[in-house]
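> Show me how the following folds:
(chains A and B)
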Protein chains: 2
Amino acid sequence: MSSPLVVMKFGGSSVANADRIRRVARRIARERANGSRLVVVVSAMGDTTDELLALAAAITDDPDPRELDVLLATGEHQSATLMSMALQSLGTPAISLTGPQAGITTDGTYGKARIAGIDPRRVDAELAQGKVVIVAGFQGRSVKPVEHLDDAPGASDAHASEITTLGRGGSDTTAVALAAQLKADRCQIFTDVKGIYTADPRLVPDARQLPVIGYEEMMELAHQGAQVMNVRAVELGWVNDVVIEVLSSFEDAPGTEIREDPLVEQRNKVRGIAHDRNVAKVTLVAVPDQPGVARRVFDPLASSGITIDMIVQNVGHGGATDLSFTIPRVELAKAKRILEPLVRELGARELTTDSSVAKVSIVGAGIQNAPGYAARMFGTLADNEINIEMISTSEIRITTIIAEDRVEDAVRALHAQFALEVPEAAETAAG
Amino acid sequence: MSSPLVVMKFGGSSVANADRIRRVARRIARERANGSRLVVVVSAMGDTTDELLALAAAITDDPDPRELDVLLATGEHQSATLMSMALQSLGTPAISLTGPQAGITTDGTYGKARIAGIDPRRVDAELAQGKVVIVAGFQGRSVKPVEHLDDAPGASDAHASEITTLGRGGSDTTAVALAAQLKADRCQIFTDVKGIYTADPRLVPDARQLPVIGYEEMMELAHQGAQVMNVRAVELGWVNDVVIEVLSSFEDAPGTEIREDPLVEQRNKVRGIAHDRNVAKVTLVAVPDQPGVARRVFDPLASSGITIDMIVQNVGHGGATDLSFTIPRVELAKAKRILEPLVRELGARELTTDSSVAKVSIVGAGIQNAPGYAARMFGTLADNEINIEMISTSEIRITTIIAEDRVEDAVRALHAQFALEVPEAAETAAG
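Sure, this is the predicted structure:
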């Protein structure tokens, strides 16, 4: 029987400098000494990605996505080589592989590529030689169809290869995809927190770490602002049935398992509270209530790469309606440039925007089927004189938009209302 | 007839920050507007390579050469993408290629690989689309024979590709190799000086820029300390008959052409004076005068990657002799660790070292065949009371080791002695 295969992923703060890299290397070396075969995925060191983005911004307002991807991918090349050196200096055989060397191919969409496949031959070969395999996260290769190229490139021709990155949080996706492809026994995501909490512990002192959370709940939490895990990585884990452990790089403590949750029906229905401050609200006031309006608003935003989050449009009165939606706050200036000319074209009264709002959500499997959760949420906010500006719901989530300066109050009040600090019976029994 | 093809290379100081990159981009865009097809090779920005080396040194004293190469290669990836972005922002179509994308393959020796070949298909295809092709200098790919890899990798399989770097100054080599392969009309090396001088103008105020210098003379000057051009790049230009222009990134002024020099016989025989402070002298005092001693000294130094420069051993007296040689000063500590145990084994009296020496050379085609140059050189140093500690000569060069604190005096005195500030007749006639 071969020894267990573990995929470990370390984020940027875990490898932010030489000291931390050496500390993480010691942890990896201990795990290796326990007999596991290891594939380690690393993000870029600390703020490297932001520094590279700033460099590009100093050159041009509008960097070519292809060039940006090659630029950003260097961050993970660097951390991967340094981690490999650190392991070797501890006497642990190791080798770093870039995304292309690790056989990771993508769909070729610059800046937010999806993994198309993994050719595991090189990783397998290095594991078979007893090495810890360090893989640069966040990246893969695609094959560029180059016009005028004399003969068609082979699928693996280096000179026709393009580097593509997977977008923010992409190293999580790299780790989960490798775990799925290699049929790893465990997939561990090491972060600067101990696991997934019922709410952000910086806001809610008695927030409780969850021992287990279901894929769907985790996706909603991540999507609604919990920044510990990347949404797409969770989705990929779900589809491939990879159990993902989230745990601390800096202490030896049990983390949170993201997995199919068989106990979901027995649990307290609200599992966590997420908040997100990177939100701006846009309203087109008194838009004519006609077919095709929404498309004319959202098509140009989508073409500019602006992600629309919540959309709310009420029943119209007198042939006009208000159309509101939220976008990432950093995209507001761009969205205004696109929308202002449209106000007149559409015959709307005006465009209003508000960048001092935030999103607060309660998440739990089945809360839409059980009565009373929405009422309790809205009642709690009202008791605290917090005004709700927009509401949106999904199968397992209720989201509100409120004033940003009331976020802490809202999260704390909701955490108390649903008694999230109290361990659930099933957890107590299990642990 | 197709438009002329020009290879332009910009060193680290020419692309040290965003401002300089944009300035260089404007220069490239002007050249493109003149109708040339352009391949641009860039080094890493400013001190990036040294910063990456420092990062590796913070992790381990003895970084794996393979990992170090992947780490260092990121510096050129970054500058190449930024240059491409800068050109695009000026409306000049451009694309950056890594060494592997540009089809540059090497012999696979990490840290000092030699270019084995260039597959020009991708570069040709991008040029055919009217783009300025930016190539990351200093690097190429080799194919790793991976044990246990199920099937033999194809010559171009990305997952079996390894990144290798060409060593210090390797971007010059990239440029000259591309110029040779692509049969470029011109190969321009842009630097922070205006060209090749008769001596370092910081030491000798009336040092004169040479309009033309022969390959062989340039190789000796570079090898003896002139840091403007990489020795191997000059050699590659010589073998492939590529005319190399060295000129300033920052001003529009004629540079120096490195080429086969048909006028060599008509010239003032001393063409330039080189000096090098990165020198240490090592002497094994009273080594037994027996066969095999030199091998026992130099074999372990070579295995440790220490480059030996001059070696001097005189006729022995009484069965013993002194063996002296010079090495790069930065290697002295390592050399001492290797040699100290050998002193007793070899039966030598002692090991002495001196790191306050420097090398001063006069270079000129044919000076060994013409009488009097050595005498004039040694006499000039004697007149200035500069003691000569070692002497070595080649076909076109005479080199002395002197005390480091007399370097300026020596270079100035020799420059005056050989009247290098006076333009040669042939130059005057031609220019």
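
> what's the helix or strand containing A:Arg344 packed up against?
Taking DSSP states H and E as the criterion, A:Arg344 maps to helix A:332-346. For helix A:332-346, the packing partners by 3 or more Cβ pairs under 8 Å, 6 or more residues apart in numbering or on different chains; DSSP states H and E come out as strand A:280-288, helix A:293-303, strand A:350-354. Yep, even glycine has a C-beta here, placed from its N, CA and C like the rest.

> unless I'm mixing things up, A:Leu178 is touching A:Ile118, no?
Yes: with contact defined as Cβ atoms under 8 Å, A:Leu178 counts as touching A:Ile118 (6.6 Å).

> hey, what's in contact with both of these two?
In terms of Cβ atoms under 8 Å, 6 or more residues apart in numbering or on different chains, A:Leu178 and A:Ile118 are both contacted by the residues A:102, A:104.

> So between those two, which is more surrounded?
A:Leu178 (28 against 20; other Cβ atoms under 10 Å in any protein chain shown).

> quick one: the more buried one is in a helix?
Yes: counting by DSSP: H, G, I helix; E, B strand; the rest coil, A:Leu178 falls inside a helix.

> Tell me the pLDDT of it.
Looking at A:Leu178, its pLDDT stands at 98.

> now A:Pro93
98.

> One more: the one 10 residues further on?
Confidence at A:Gly103, expressed as pLDDT, is 94.

> what's the burial count for the nearest residue to it once chain neighbours are set aside?
Excluding its sequence neighbours, the residue lying closest to A:Gly103 (Cβ to Cβ, 6 or more residues apart in numbering or on different chains) is A:Asp119, at 3.4 Å. When neighbours are counted by other Cβ under 10 Å, A:Asp119 registers 17.

> Also A:Ala253?
Per other Cβ under 10 Å, the neighbour tally for A:Ala253 reads 10.

> Please identify which residue in the stretch 301-431 of chain A comes closest to chain B.
A:Gly305 (17.3 Å; Cβ to the nearest Cβ).

> List phi and psi for that residue.
phi 80, psi 20 (degrees, to the nearest 10).

> State the distance from A:Ala125 to B:His159.
Between A:Ala125 and B:His159 the distance is 9 Å, computed by Cβ to Cβ, to the nearest Å.

> what about the two, which has more around it?
B:His159 (25 against 20).

> Tell me who's in contact with A:Val40.
So A:Val40 contacts A:7-10, A:28, A:83, A:132-135 (Cβ under 8 Å, 6+ apart).

> do the same with A:Glu385
Counting by Cβ under 8 Å, 6+ apart, A:Glu385 has no contacts.

> mind checking the SS state of it?
coil.

> Residue ranges in the stretch 251-400 of chain A under the pLDDT threshold?
Counting by pLDDT under 70, the stretch 251-400 of chain A contains low-confidence ranges at A:264-268.

> how about 80 then?
Applying pLDDT under 80 to the stretch 251-400 of chain A flags residues A:262-268, A:291, A:314-318, A:366, A:368-371, A:395.

> Likewise for the stretch 51-200 of chain A?
Looking at the stretch 51-200 of chain A by pLDDT under 80, you get A:143-160.

> so what's A:Thr81 up against?
A:96, A:134, B:56, B:67-68, B:70-71 are the contacts of A:Thr81 under Cβ under 8 Å, 6+ apart.

> in what helix or strand does it lie?
helix A:65-89.

> tell me how far that helix is from the chain's mean position?
Distance, stretch centre to chain centre, for helix A:65-89: 20 Å (Cα atoms, centre = their mean, to the nearest Å).
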